[in-house]
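In: what shape does this take:
(chains A and B)
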Amino acid sequence: MKELYHKLSKELSKYFQNKYNISLNLFDFQLTRKEFDGDITLVVYPILKYIKLNPQVISKDIGEYLINSSSMISSYNIISGFLNFTISNNYYIKILNEIIHNDDYGLKKIDNNSKTIIVEFSSPNTNKPLHLGHIRNNLLGDSVAKILEANGNKVVKTQIINDRGIHICKSMVSWELYGNGDTPEKLNIKGDKFVGDFYVLFEKKYRLEINRLIKKGHSEEYAKNKSPILLKAKEMLSKWEIGEKEVISLWNKMNKWVYKGFDITYKKLGITFDSNYYESMTYLLGKKIIEKGINKNVFFRKDDGSVWIDLKSEGLDEKLLLRSDGTSVYMTQDLGTAVQRYNDNPSLSGMVYTVGNEQDYHFKVLFLILKKLGFVWADSLHHLSYGMVDLPDGKMKSREGNIVDADELINKMKNTAKEISKKLGKLDGLSVSEKNNLYDTIGLGALKYYILKVDPKKRILFDPEKSIDFSGNTGPFIQYTYARIRSIIRNSSENFDKPITKPNFNFRETNLIKHLLLFPELITQSSKLLSPSLIANYLYELVKLFNSFYQNVNILGEKNEQTRKMRIILTKITARNIKKSCGLLGIKVPEKM
RNA sequence: GGGGUAGUAGUUCAACUGGAUAGAAUGACGGAUUUCGGCUCCGUUGGUUGGGGGUUCGAAUCCUCCCUACCUCACCA
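Out: Here you go, the predicted structure:
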């Protein structure tokens, strides 16, 4: 479609150059609204600013010109300032004959000139299991990575694992006190759950101790800071920082349990990473960068020894970079990580951070600091910010146990898929393992589509009780339509060696064709905006258009050979576009369902 | 208090980034089809786009002031 706009736009520029001696580049084509005749529309108002004529007159002028000079346009009509063109059947036929043989239609190739982009997502803490919020993060990050790849970029998917800090020490202390030497293997529990349970236990004991101290007459602040169990955790953190052997070995042991658990969850979600970064490995580099920044006078040191940056001239405030005791903060680590990645990867041309919008300010500051430090690549960093996932009774709070666990949710989705499929009596002819595969595909498809179809920056309301619909604007509906289309294609024995020449299109067919042709610009647009929700919208619209088309024509039984071939071509391209679009969202499509 | 994001049918979401009469799904009601594939299709119903003002041929979209919700402004990560 864009190609077409571009060609017509060029024609018009030439025309205006010759006739009015004005060079204009603002020929803004768009799809015609379906209530009006025509396929594409030129809005002529912008032109009137440069050429003072009645819109009717100038529209007629342009219309007549294009109809004579371009074989792509077969007719036009004018409604106030909108000039609607009808695209000729010949042009559609030409395009269809071309793209039916081009399986990579719309995708860009990855070659030696491709740019490398790091997409960071997930970024878990190692003291608790993944939850619904992580799922949104993972799905977004993974999908954006796929979109960037479809745009011809080399993508490195990475996660930064927050493996150090007081929260991990809490789990460690708790396990030492109450663990009785148990292990996940012994109790047959997923490692991340196992460690997470000890974190929860810690918080419980901690609260009990606070209450006890307050009852004894201490202030709340005193109680919070002097609780014995907390002191133990703090002690453990400082032992960790000086590298005490036993602590490090416990830390390693428990982290390994957690990673094993994470791996299971990632596998279930169908998500992989190309590399991992650990905060424990980059925070030292961060400190070095701070030192350099002080020498360059980008940062300054306060009397108590803490290090800051002054961003008041940018409309922000002062930001802490190093505590007075010299230890690092979040920002320190992130500076280190960013620099580390560019060091590791000299050809790197951009990074995407998939992190919740509660950290918008943090990333604004991070990018600004990197720029002030003189890193030219700071401009190519992007924060993919997304909204929180809310439950019907409010925000998820892990401290209050009000969370939706990732594993449980995934299992629930698969079970729901199973129940519904059984109730509808589908899948009767399939083997047990085929069926189980399908339940996974459908359940996950529902979950992924449900989350990705929403604009990332908006919050999502998730009602676990209502679960997820399997009809309407949903993943399974798309998967089902795909399976039905594949069935049609299996039943056709048409070959396309000889191109089609002269069918006429009805309006359902042209609507479908136009939508099919939007696919290439869909990819480039969404890569700019990094928005899988655009793709989800495209997909659903495509499925609806196909169903409407399918309902009103007989595809395989059509007598006229040319028309039949054309319809099968449309069916095939539809299948292809559905599969590719789903691929960009990480949704599998079944051949049979 | 400063900064940020959002507010669209009863509900969940769209609106090609300033274009025509703001669209789907879901719910309710009515109809078509019973065809390769059953979850298909077509209607009806439902809106002061949070509110006021402004910018222009034209605003859900841009500016401004209010209202509401959430986030953030930590020597937490």
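In: go ahead and confirm A:Met566 touches A:Lys502.
Out: No - in terms of Cβ atoms under 8 Å, A:Met566 does not count as a neighbour of A:Lys502; the distance is 9.5 Å. Just so you know, the C-beta spots here come from the backbone N, C-alpha and C atoms, and that holds for glycine as well.
In: so if I had to pick from these two, which one is more boxed in?
Out: More crowded of A:Met566 and A:Lys502, by other Cβ atoms under 10 Å: A:Met566, with 24 against 10.
In: contact partners for that one?
Out: Contacts here follow Cβ atoms under 8 Å, 6 or more residues apart in numbering; on that basis A:Met566 touches A:Ile93, A:Leu96, A:Ile500, A:Pro503, A:Phe505, A:Glu509.
In: my guess is the last one contacts A:Leu570, does it?
Out: Yes - under the criterion of Cβ under 8 Å, A:Glu509 is in contact with A:Leu570, at a separation of 6.7 Å.
In: re the thing from before, ok, so of the contacts of A:Met566, who is nearest RNA strand B?
Out: Nearest to RNA strand B among the contacts of A:Met566: A:Glu509, at 13.6 Å, using Cβ to the nearest atom of the strand.
In: any idea whether that closest one is helix, strand or coil?
Out: In the three-state summary, A:Glu509 is assigned as helix, counting by DSSP: H, G, I helix; E, B strand; the rest coil.
In: tell me the spacing between it and A:Lys579.
Out: 21 Å (Cβ to Cβ, to the nearest Å).
In: try A:Lys115
Out: Taken as Cβ to Cβ, the spacing of A:Lys115 relative to A:Lys579 amounts to 26 Å.
In: which residues sit in contact with the closest residue to A:Ala145 other than its chain neighbours?
Out: What sits nearest to A:Ala145 in space, not counting adjacent residues and going by Cβ to Cβ, 6 or more residues apart in numbering, is A:Val119, at 4.3 Å. By Cβ under 8 Å, 6+ apart, A:Val119 lies in contact with A:Gly141, A:Val144, A:Ala145, A:Leu148, A:Val155, A:Val156, A:Lys157, A:Thr158, A:Met351, A:Val352, A:Thr354.
In: surely A:Val119 is in a helix?
Out: No - using three-state DSSP, the secondary structure at A:Val119 is strand, not a helix.
In: and it, bridged to which residues?
Out: Listed beta-bridge partners, A:Val119: A:Lys157, A:Val352 (assigned using DSSP bridges).
In: from A:Ile62, how far out is it?
Out: Distance of A:Val119 to A:Ile62, computed by Cβ to Cβ: 44 Å.
In: please enumerate the shared neighbours of A:Met566 and A:Lys502.
Out: Residues touching both A:Met566 and A:Lys502 (Cβ under 8 Å, 6+ apart): A:Ile93.
In: in stretch A:264-277, what counts as buried?
Out: A:Thr265, A:Tyr266, A:Leu269, A:Gly270, A:Ile271, A:Phe273, A:Tyr277 (16 or more other Cβ atoms under 10 Å).
In: which ones among those also lie next to RNA strand B?
Out: Judged by Cβ under 7 Å from any atom of the strand, the overlap between the buried residues of stretch A:264-277 and the neighbourhood of RNA strand B is nil.
In: returning to that earlier point: joint contacts of A:Glu509 and A:Leu570?
Out: Common neighbours of A:Glu509 and A:Leu570, counting by Cβ under 8 Å, 6+ apart, are A:Phe549.
In: more neighbours, the two?
Out: Taking neighbours as other Cβ under 10 Å, A:Glu509 and A:Leu570 compare with A:Leu570 leading, 24 against 20.
In: quick one, what contacts that one?
Out: For A:Leu570, the contacting residues are A:Leu96, A:Glu509, A:Leu512, A:Ile513, A:Leu516, A:Phe549, taking Cβ under 8 Å, 6+ apart as the criterion.
In: go again using 7 Å as the cut-off
Out: Shown in contact with A:Leu570 (Cβ atoms under 7 Å, 6 or more residues apart in numbering): A:Glu509, A:Leu512, A:Ile513.
In: burial measure for the residue in the stretch 451-593 of chain A that RNA strand B sits nearest to, as a count.
Out: Among residues of the stretch 451-593 of chain A, the one nearest RNA strand B by Cβ to the nearest atom of the strand turns out to be A:Gly472. It sits 2.4 Å away. Residues near A:Gly472, counting by other Cβ under 10 Å, number 8.
In: what do you get for the one 5 residues further on?
Out: The local packing count at A:Phe477 equals 20, with neighbours defined by other Cβ under 10 Å.
In: wait, a strand at A:Leu321?
Out: Yes - checked against three-state DSSP, A:Leu321 lies within a strand.
In: that older thread, of the contacts of A:Val119, just say which sits nearest to A:Ile22.
Out: For A:Ile22, the closest of these turns out to be A:Leu148, at 38.8 Å, with distances computed as Cβ to Cβ.
In: so what touches stretch A:21-31?
Out: A:5, A:8-9, A:12-13, A:16-17, A:40-43, A:46-47, A:50-51, A:514.
In: again, only this time at 8 Å
Out: Contacts of stretch A:21-31 from elsewhere in the structure, counted by Cβ under 8 Å, 6+ apart, are A:1, A:4-5, A:8-9, A:12-13, A:16-17, A:39-43, A:46-47, A:50-51, A:514.
In: likewise for stretch A:163-170?
Out: By Cβ under 8 Å, 6+ apart, the list of residues contacting stretch A:163-170 from outside reads A:125-127, A:199, A:202-203, A:206, A:233-234, A:236-237, A:240, A:251, A:254-255, A:278-280, A:283.
In: could you redo the last one with a cut-off of 6 Å?
Out: Contacts of stretch A:163-170 from elsewhere in the structure, counted by Cβ atoms under 6 Å, 6 or more residues apart in numbering, are A:Thr126, A:Asn127, A:Tyr199, A:Phe202, A:Ala233, A:Met236, A:Leu237, A:Asn255, A:Tyr278, A:Glu279, A:Ser280.
In: contacting residues for the spatially most central residue of chain A?
Out: The centroid of chain A falls nearest to A:Leu140 when counting by Cα atoms, centre = their mean (2.5 Å). Residues in contact with A:Leu140 (Cβ under 6 Å, 6+ apart) are A:Thr354, A:Tyr386, A:Pro456.
In: looking at these, which is nearest A:Ser433?
Out: Minimum distance to A:Ser433 across the contacts of A:Leu140 is 34.0 Å, recorded for A:Thr354 (Cβ to Cβ).
In: does the closest one count as helix, strand or coil?
Out: Reducing the assignment to helix, strand or coil with three-state DSSP, the entry for A:Thr354 is strand.
In: run a quick neighbour tally on it.
Out: Counted by other Cβ under 10 Å, the residues lying close to A:Thr354 total 27.
In: got it, and A:Asn68?
Out: Close neighbours of A:Asn68, defined as other Cβ under 10 Å, add up to 9.
In: do you know the pLDDT at it?
Out: According to the prediction, A:Asn68 has pLDDT 89.
In: and the next helix or strand past the host helix or strand of it?
Out: When elements are assigned from DSSP states H and E, A:Asn68 belongs to helix A:55-69. Beyond helix A:55-69 on the C-terminal side, the first helix or strand identified by DSSP H and E is strand A:73-79.
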